[in-house]
Each structure stands twice: as C-alpha cells, then as structure tokens.
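Participant: Sequence plus the predicted model coming up.
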Amino acid sequence: MSCPVCSGKGEVLTSQARSVTSESKVIERRSELVLCTSCGHLHTEIDLDLAAYYADDYDAVLTDDDGHDEIVTTTDGSVVFRTDLDYGTFRKKVLERTEPSAAVFEYGCGRGRILSRLRKDGFSDLTAHDVGRRYREPLARIVGADRVHLGERPTDRKYDVLCSFFAFEHDPDPISGLRYLRSIAAPSAILYLVVPSHATNVVDLACADHRSHFAADVLVEVVTACGFSVLEVDEESSVGAIVLVARNLGAGTRPVRKSRERVKAARVRAQTFLDYVARLERLAPELAASREIYLYGAAFYATLAATVLPSDTHLAGLFDANPKKHGTTKLGTTVRSPDAIEQSCREAALLVCVNERIAPSIADRYRSSFRQIWVV
Ligand SMILES: [Zn+2]
C-alpha cells in the first residue's frame, strides 16, 4: 500500500467491494482510495494485475479521428470532442512555437489519436510508445513500424517534445516513467503532460484503474523531482484535466518531498468525493422504488450510479448528447439522443449522471418532461 511517487505510508479513506474502471466497466474486485500521509498523493489500491490488464484487456476509448470519442462541456458551455480539445490546447501551448521538424515522443499514446493529428499538421519526426500490444497496427500506419515501441522504452536518441495524454494516472511507477522521459529529453526540450483532475471532476477518485489521482500541487512536485522545470500548470484549459508544461533545463533528480500542506489539501478534496458517494448511496432506496428510471449521461458517472442500484433494477433507457454513442448499448440498454426525451417520459424518473458542474442545467432543461429528476 505504499505511495507510487514517494513510497510513503498510506491511510485508507474508503473502499469499494465492486469497482469501476476508466473504461466505465464494473469489475467485481475490491479497491481502496488511499492518501499518502507523507507527500499528499491520492492513489488507488486494487486487487488486479494492472500491468497484464493494460497489455491485454484495456482498450483506449479514444481512437483516431474516425473512431469513438468522448464529448466534454467547456467552461463557456460549448460541447466539444475530447481529441479536438486536447490537441487544440497542445497546439496553443506548445506546437505554435515548435518547428515541424522537431522530434516528438508520445508516452502512452494508445491508438495514436494525438499522433495522427500531429502528422496531419505536418510533424514528421514522430515516435510512439505504449504498453498495449493491440495498438501496433494503427500506430505503424501513423508513424511507421520502426517508430512504434510497445512495452519497451527506446534510449537511442533525444527528443525536442515529450508529451503524454491521460497515461501517467495509469502508470504503476510514474517516477520511473518521468525519469525515463528526462533521460531522452534534449537540452531545453518541452514536457507536456495531461492527467485527469479530481479537483474539477470529483468521480475520478472512483476510477479504480487510475493508480494515481494527481493534484496540481503533487504533479508539480513530482515533475520537479524528476529533473524538469515547471513553466505552467492549469486546470481550466482542458476540462476535467490538469495540463502541465515543463522544460528540461538540466536539473538533477531528487526524491519527492514531504508536505503537510499537500496532505491537508488532499483530505479536503477527498472529502468532496466521499460526500458525493454518500449522497448517491442515500438516493439508492428511492431509485430502487421508482418503477421507471432513465439515466442522462452514458459515461463514468452512469456506471458509478449503476453500482449502487440493486442488481435487479430495470433501466428504461439511457440518454447522451454524444452522437457517436447513439445506438450503442450501455448498462443493458440502448443509448439514445436527448431529442427523444420529449416523447414518452412523463410518468418516469430521470437520474442525471454527468459532471456536477453541468448537471443542474440539464435537470432544469428536462424538468417538465419527467415525474421526478434527481441530481446527485
Ligand atoms: Zn507519497
């Protein structure tokens, strides 16, 4: 149960008998949310061989431009696809000041949704790294077979830009991963990291295969300890995520330091999550008593809600604003467009299962279409 970034001792904050993975799958394995009382890092312990899981079972939800993608609602209320937002932010913060001839390395690239955008934008010196063996073919089509490294870390050259999108939260040993990136960084190379933020998306703390739940203060400490100089960190530009930009200025590495302030701040953030789960559990009897329940949102929040519903609960339907999900099956029912809501739901109840920032406005929009609406 030691901390993945400082090996410090942990305190178990909560445990779940059934766990939800980042692919929104329920697995019958116990998981625990743990706070490192030395450095303030929040992490999950799960009774599952994560290395084997990522190599063989995990399938990156986000693919290239033609495939499935998540939608996110930005702070100004507009709805965008995750890859457009991630790549757009990367371009604004780094690529607009980078020559197309720069050597770019992506750590944990999945099927290559970011690499394919880079290629389309004229970047030609691209190297792909991941642990998932199933990504070889799609990656080879984007960067060339000799630039694909699955389950191994190339050390034969240096790179100008090192990037990683939603990978380090899965990494069982993020310090080793970041020190590796430092070892292949050219002088003045840029490091660009994106990881989930539980400060802006509280249910990330329920995500059982996220070994690490980074906070901005912990991430800055970890990246600095691995030899990079942090230029900026923000939790606004990429919804539900922390974006960090750092530079290799030749500093050495050191251990992650203890901090009482970080531990204290982590306790406050974790309490927000524990309160959310408590509200969900209090709702369960009411939900179970309702004859006809619909869910709004076909992603992680819905799966988490489903873990508290009695197993014989019949879902009448599921709505999601993402057109790429319409017609797919989730929690045993078909995902439909919210446009279908007006027709037939007046005797039914709706549970809104989306980020709590946007849940109240969705509840307001459909208030007259249902007998009852719950927001967790
Ligand atoms: Zn720690």
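Facilitator: Cool, got the structure.

Participant: Alpha carbons of whatever helix or strand Gly317 lives in, as CSV, please.
Facilitator: For Gly317, the enclosing helix or strand under DSSP states H and E is strand 315-319. Extracted as CSV, the C-alpha positions of strand 315-319 are listed here (Å, rounded to 0.1, in the frame of the first residue of the first chain):
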residue,chain,number,x,y,z
LEU,A,315,-33.3,0.8,-16.6
ALA,A,316,-36.0,2.1,-19.0
GLY,A,317,-33.4,4.0,-21.1
LEU,A,318,-30.2,6.0,-21.3
PHE,A,319,-29.7,9.4,-23.0
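
Participant: which element follows the top helix by length along the chain toward the C-terminus?
Facilitator: Criterion DSSP state H: the longest helix present in the chain is helix 260-289. Later in the chain than helix 260-289, the nearest helix or strand by DSSP H and E is strand 293-296.

Participant: so where is the stretch 1-150 of the chain shaky, pLDDT-wise?
Facilitator: Scanning the stretch 1-150 of the chain for pLDDT under 70 picks out the ranges 54-68, 73-77.

Participant: try 50 this time
Facilitator: Applying pLDDT under 50 to the stretch 1-150 of the chain flags residues 61-66.

Participant: need the residues of it near the ion, please.
Facilitator: 3, 6, 8, 36, 38-39, 41 (Cβ under 5 Å from the ion). No exception for glycine: its C-beta is placed from N, CA and C like everyone else's.

Participant: for the residue of the stretch 201-350 of the chain at minimum distance from the ion, helix, strand, or coil?
Facilitator: Proximity of the stretch 201-350 of the chain to the ion (Cβ to the ion) peaks at Val256, 6.3 Å away. Assigned with DSSP: H, G, I helix; E, B strand; the rest coil, Val256 falls in the coil class.

Participant: How about the contacts made by Leu231?
Facilitator: Leu231 is in contact with 245-247, counting by Cβ atoms under 8 Å, 6 or more residues apart in numbering.

Participant: That one belongs to a strand?
Facilitator: Yes. Assigned with three-state DSSP, Leu231 falls within a strand.

Participant: distance of it from Ala216?
Facilitator: If you measure Leu231 against Ala216 using Cβ to Cβ, to the nearest Å, the figure is 14 Å.

Participant: what does Phe300 give?
Facilitator: Applying Cβ to Cβ, the value for Phe300 to Ala216 is 21 Å.

Participant: and if you look at Glu11?
Facilitator: For Glu11, the distance to Ala216 - Cβ to Cβ - is 21 Å.

Participant: try Tyr301
Facilitator: For Tyr301 relative to Ala216 (Cβ to Cβ), the value is 23 Å.

Participant: With neighbour numbers in mind, choose between those two.
Facilitator: It is Tyr301, of Tyr301 and Ala216, that has more neighbours when counted by other Cβ atoms under 10 Å, with 27 against 18.

Participant: tell me the secondary structure for the more buried one?
Facilitator: Going by three-state DSSP: Tyr301 is helix.

Participant: Setting aside sequence neighbours, what's the nearest residue to it?
Facilitator: Spatial nearest neighbour of Tyr301, chain neighbours left out: Cys353 (3.9 Å); criterion: Cβ to Cβ, 6 or more residues apart in numbering.

Participant: now do Thr328
Facilitator: Using Cβ to Cβ, 6+ apart, the closest residue to Thr328 is Val335 (5.2 Å).

Participant: quick one: what helix or strand has the one you found in it?
Facilitator: Using DSSP H and E, Val335 falls in strand 333-336.

Participant: Touching, Val5 and Ser176? I think so.
Facilitator: No. With contacts counted by Cβ atoms under 8 Å, Val5 stays clear of Ser176, the gap being 10.5 Å.

Participant: Right, I'll call it a day here.
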